[in-house]
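In: Give the three-dimensional model of this entry:
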Amino acid sequence: MTTGMRCLTPNETERLFGRNGFRVVSNAQLGRIALTLDPAIVSKQTRVGGRPPSNVRHLPHFAEAMNRWHSSDTGRLLWIDYWSNDFPSIHEAFVSARIGAGEVRSLSEAPGHYFDPRHYHERDQTAISPEQARLTGMLIGLMSLIMIDGWDGWLIAGESSDRIEFWEGNIYFYSSEASQLTIANSLMDEFGCSRNPE
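Out: Numbers count the residues shown, from 1 in each chain. Got it, this is the predicted structure:
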């Protein structure tokens, strides 16, 4: 498998992120394996939400900004709770990216996509290694596909309980830090995202 990104099973995900309060639970009624956060942590968080940019050309830039919302130099987990075949080409592109990274298991077997810690806030192209550019591009591409097809999932970072939720075509930023929520609001405004009443 390609160095820098690997797919994770539910057990592997809990081993890496359980210390931050994350757990993986099976919801047979909805037919999914969901990533959840300790209710005691959730109760201290507030969310900022809305729709992703309506112009699909803005999605990669929005995804890049979402990635920078998390702390730099920490690992990233892109978790998929639910995927559809509404646009079969989206599903095929997503699975092909996984196969290209050496993953042969299905999304249901390994729904987590872990990216090694990088200087994710660095924007100077001359300071970014080709490997970091490739991995960041893969993460941004996968996030963009999720938003296009309205899949459900999470983007979380190591050493934090802050999270970004993809839910039925919406995007929600969760944090207990006012400064993080201010950044999320600014980000949504910058990209002209329609907002959900909270």
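In: From now on I want contacts and neighbour counts done on CA atoms only, so please keep to that.
Out: OK.
In: right, and the secondary structure at residue 47 would be what?
Out: Three-state call for residue 47 (DSSP: H, G, I helix; E, B strand; the rest coil): strand.
In: Return the set of residues that bridge with it.
Out: residue 174 (DSSP bridges).
In: Can you tell me the number of residues neighbouring it?
Out: Residue 47 has 19 neighbours, counted by other CA atoms under 10 Å.
In: So which bits of stretch 32-41 are buried?
Out: Burial within stretch 32-41, assessed by neighbour count using 16 or more other CA atoms under 10 Å, is assigned to 33-35, 37.
In: Between these, which sits nearest residue 112?
Out: residue 35 (9.6 Å; CA to CA).
In: check contacts around the closest one.
Out: 22-25, 79, 81, 153-154 (CA atoms under 8 Å, 6 or more residues apart in numbering).
In: export those residues to CSV and tack on secondary structure and distance to residue 189?
Out: What follows is the contacts of residue 35, written out as CSV (DSSP: H, G, I helix; E, B strand; the rest coil; distance: CA to CA, whole Å):
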residue, secondary structure, distance to residue 189
22, strand, 29
23, strand, 32
24, strand, 32
25, strand, 34
79, strand, 25
81, strand, 27
153, strand, 22
154, strand, 21
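In: Out of the residues you listed, which end up buried?
Out: 22-24, 79, 81, 153-154.
In: By pLDDT, give me the weakest of those.
Out: Of all the buried ones among the contacts of residue 35, residue 81 has the smallest pLDDT value, namely 93.
In: ok so, going back, reformat the contacts of residue 35 as TSV; add distance to residue 6.
Out: TSV is the format used below for these (distance: CA to CA, whole Å):
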residue	distance to residue 6
22	19
23	19
24	18
25	21
79	12
81	17
153	17
154	16
